[in-house]
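J.: using only what follows, build the 3D model:
(one chain, ligands or ions: 1)
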Amino acid sequence: MSESRIKRAEIAIEQAHVDRVYVRLAELRAQAEAMRARGYELGHGAQREAVFEQASMLYERDMMVFHANQTLQTLDAEYEGLVFGRLDHIGSETVYVGRLGIRDAEFNNLVTDWRAPAAAAFYQATAEEPMGVVRRRVIRCSGQSVLDIDDDVLMPEAVPDDMNVVGEGALMAALGRSRGDTMRDIVATIQKEQDEVIRAPWRGVTEITGGPGTGKTAVALHRAAYLLYRYRRQLGGAGVLVVGPSGVFTNYISRVLPSMGETNVELRSLGQVLDGLDATRHDPAPLAAIKGSLRMRKVLSRALRDTPPDAPTEMKIVYKGEVLRLNAKELDKVRRKVHGHGHPPNRSRVRAAEALLEALADKAEEYASADGRVIDRAELITELGERLDFHRFLVTWWPVLYPAQVLRWLGDERRLARAAKNVLTAEEIALLSRSLADRDREWTVADIALLDELRVLLGPPPKRRRRGRVETEPEHSPDGSRRRPEHYDEYSHIVVDEAQDLSPMQWRMVGRRGKYASWTVVGDPVQSSWPDPEEAAKARDQAFGPHAKRRRYALRTNYRNSAEIFELASRVVADHARPDDLPRAVRTTGVRPQIRRVEPDALENAAQTAAKELLDAVEGTVGVICAMDRVPEVERWFSDAEDRLKVVGSLDSKGLEYDAVVLVEPTELITESLTGRRVLYVALTRATQQLTVLASDDAWLTPEK
Ligand SMILES: Nc1ncnc2c1ncn2[C@@H]1O[C@H](COP(=O)(O)OP(=O)(O)OP(=O)(O)O)[C@@H](O)[C@H]1O
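T.: Okay, the predicted model is just below:
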């Protein structure tokens, strides 16, 4: 038989199995729907029963409907390629591997979930250690149709006469395929070194380092899916949080977990970690460095002890016909005393009232002793404490404080200078206060960590009351899933991607959400854009907790870039990385990156020409990457471009990838950031197939002295 006929015959065999799986899936779905309907009937029937029976029938209804809904949710997930692998073990046992475990009516396995122990050999078996696997087959489907198959023989000596072997490498085929708008899962082609990380124990901290394109993000997301499958009881209820560098990035990875049937994971960018805010703007590097530094803790905790800008500077109250007066100095003394207890100001309002009353009593005693009178202190305190004018004063003198308000106060340079004395330099104070003074500016990504810090330092504002009742959030969302309270801090597992870029203040913010969590932390020190790695490492250790067990893995193969593109990228960071830090790119395309010398006024034309060439050359996406400041201008150049083309700023390009990239003015990427070459390295490693660099100088190519 010819090779293509053998392949067609093998595809037909797999198609027959896939068909059986879909028939069974339809049966299971029908059963789950019937169970849900029965549950609802039980609910209606309960109305006619006595109270006790009613309660037990309603409970049974809830359980039936809950289970049926869960099963339907799993069965209805959008599985692209439900079955994707097959293992032929020695002794002719066959295991199909897929995104979901499915059994037939006799309870035989039709498909084994990729996360189950029985599927581990699909990823872990090698020719050196075949684990009893003779042939490993990757099955590529579109919808319910088998398109292609690809085999690996692990035990050539054990291949029976009737076993056919086809294809030439599923991994290379997957890597060469064009990219779409969102990241795809890699369940069918997870490599052994990656699988080891995905299946690492869940407790403690799992740290994954590796160069660009080594699959760190993919591995971290597959690990989240794996952990939820294996440890659903321990992890599922409290929830899993994935933190990524930007909204563009979280959007890019948003389809990966749902494609594996996991819809219960929260994805947030660093600008979205604090509930209710969504910051996307970045500060210039020197400003971001100040805002991210641990020194800001001291500045913020001093700032909130300062007198609020609108607070009255004098108190006058009439008691028994006499005016009691506290001047600014005396009021400040009372304020300092209350803060001296070290409690958050929003939780110190009663203490503030008491201290103020004591000060008024002192004042009354002072006046009285001058006249030889004696006053009843307890009576004064009780009487004034109940007076409306006293409370009116208190709410303006010790108001409820909100994080945004306190951070805005620091736009006043003199106020900031008081809070930052001996902590920030005069230059830093001027820079920071200028940035916070502009009230019309939206918050930046770095501000979010400061606001979160203030939230904790200030303490929660008192709960709003309506008609005598404290307002509480409903426990469930309309879709029935459990609603998490605001500022939830009990996630059971937190995944941090691009961890090398978190500032110390951002580590504190994320750490607060994971007080009881285990962690998966992914990063590449060579791509770091944070100037003080030691300070960040300290904050990061604190976020994990002092006793967390840590295990480290390094990934060493670059699956994204062609070897030709990665060779250029490695040159620009040669002075910043040890050879060991740079991964090995496995795919060659024969297409070298193009470097074009372009005068600044010809950039627009050159960028449009280069983008057009690349759009013609690749099927998938083309990214145009430039310095952050240039984004609006470059967006104008491409305002009519097709959807496949995206303009993205250097910092937002973290974690993303495109079939082809046009990089505009690389030297600008170096100068815009404190760790410029590393940012340029990120930008140069975003393309899978082709790269064109447009530069008006070649400083970016010359190694630093
Ligand atoms: N085993 C694999 N099979 C198929 N594709 C893979 C595999 N591992 C990684 N890839 C692909 O390689 C590309 C890079 O992966 P990913 O984005 O996870 O890398 P990364 O290490 O996070 O990169 P960076 O640090 O540069 O953002 C993605 O397209 C991913 O799907």
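J.: mean confidence for stretch 258-267?
T.: Taken as a whole, stretch 258-267 carries a mean pLDDT of 80.
J.: let me fix that, I meant to ask about stretch 455-462.
T.: Mean predicted lDDT for stretch 455-462 stands at 92.
J.: hmm, Val495 is touching Thr250, no?
T.: No: look at Val495 against Thr250 with C-beta atoms under 8 Å: they stay out of range, at 11.5 Å. Every residue, glycine included, has its C-beta placed from N, CA and C.
J.: quick check: closest non-adjacent residue to the closest residue to the ligand within the stretch 601-705 of the chain.
T.: When scored by C-beta to the nearest ligand atom, the stretch 601-705 of the chain has Gly655 as its residue closest to the ligand, at 4.2 Å. Excluding its sequence neighbours, the residue lying closest to Gly655 (C-beta to C-beta, 6 or more residues apart in numbering) is Phe249, at 4.5 Å.
J.: likewise for Trp507?
T.: Nearest one to Trp507, counting by C-beta to C-beta, 6+ apart, is Ala539 at 3.8 Å.
J.: part of a helix, is that neighbour?
T.: Yes: according to DSSP: H, G, I helix; E, B strand; the rest coil, Ala539 belongs to a helix.
J.: give me the neighbour count for it.
T.: 22 (other C-beta atoms under 10 Å).
J.: next up, the contacts around it.
T.: 294, 503-505, 507-508, 511 (C-beta atoms under 8 Å, 6 or more residues apart in numbering).
J.: which neighbours do Val495 and Thr250 have in common?
T.: Shared contacts of Val495 and Thr250, counting by C-beta under 8 Å, 6+ apart, come down to Val242.
J.: what about those two, which has more around it?
T.: Val495 (26 against 21).
J.: what residues are bridge-paired with the more buried one?
T.: Val242, Thr520 (DSSP bridges).
J.: check contacts around it.
T.: Applying C-beta under 8 Å, 6+ apart, the residues near Val495 are 220-221, 223-224, 240-243, 519-522.
J.: of those, closest to the ligand?
T.: Nearest member of those to the ligand, counting by C-beta to the nearest ligand atom, is Val522, at 6.7 Å.
J.: count of neighbours near Arg281?
T.: When neighbours are counted by other C-beta under 10 Å, Arg281 comes out with 13.
J.: equivalent analysis for Glu27, please.
T.: Applying other C-beta under 10 Å, I find that Glu27 has 13 neighbouring residues.
J.: excluding covalently adjacent residues, which one is nearest to the residue in the stretch 251-400 of the chain positioned nearest to the ligand?
T.: Nearest to the ligand, among the residues of the stretch 251-400 of the chain, is Ile253, at 8.4 Å (C-beta to the nearest ligand atom). Distances taken as C-beta to C-beta, 6+ apart put Met183 closest to Ile253, at 5.1 Å, once the chain neighbours are dropped.
J.: tell me the SS of the one you found?
T.: Looking at Met183 with three-state DSSP, the answer is coil.
J.: let me see the contact set for the closest residue to Ala238 other than its chain neighbours.
T.: Closest residue in space to Ala238, ignoring its immediate chain neighbours: Ser492 at 3.8 Å, by C-beta to C-beta, 6+ apart. Going by C-beta under 8 Å, 6+ apart, Ser492 touches 234-235, 237-240, 516-518.
J.: and Ser492, what pLDDT?
T.: So Ser492 comes in at 89 (pLDDT).
J.: what of Arg48?
T.: So, for Arg48, pLDDT stands at 66.
J.: picking that back up, and the furthest pair within the contacts of Ser492?
T.: The span of the contacts of Ser492, defined through C-beta to C-beta, is set by Gly237 and Ser518 at 14.4 Å.
J.: okay, those two: which has more neighbours?
T.: Shown here are Gly237 and Ser518; by other C-beta under 10 Å, Ser518 has more neighbours (23 against 11).
J.: okay, now Arg295: neighbour count?
T.: So Arg295, with other C-beta under 10 Å, has 16 neighbours.
J.: how much space between it and Leu274?
T.: To Leu274, Arg295 is 20 Å away according to C-beta to C-beta, to the nearest Å.
J.: ok, back up a step: the residue of the stretch 601-705 of the chain closest to the ligand and Pro245 touch, don't they?
T.: Yes: under the criterion of C-beta under 8 Å, Gly655 makes contact with Pro245 at 6.1 Å.
J.: joint contacts of these two?
T.: Common neighbours of Gly655 and Pro245 (C-beta under 8 Å, 6+ apart) are 497-498.
J.: please verify my assumption that Arg61 contacts His44.
T.: No: in this structure, Arg61 is not within contact of His44 by C-beta under 8 Å, at 9.0 Å.
J.: of those two, which one has the most company?
T.: Arg61 (20 against 10).
J.: how close does that one sit to Met35?
T.: Using C-beta to C-beta, one gets 11 Å for the distance from Arg61 to Met35.
J.: where does the nearest residue to Arg230 once chain neighbours are set aside sit: helix, strand or coil?
T.: Closest residue in space to Arg230, ignoring its immediate chain neighbours: Arg115 at 6.3 Å, by C-beta to C-beta, 6+ apart. Put simply, Arg115 is coil when judged by three-state DSSP.
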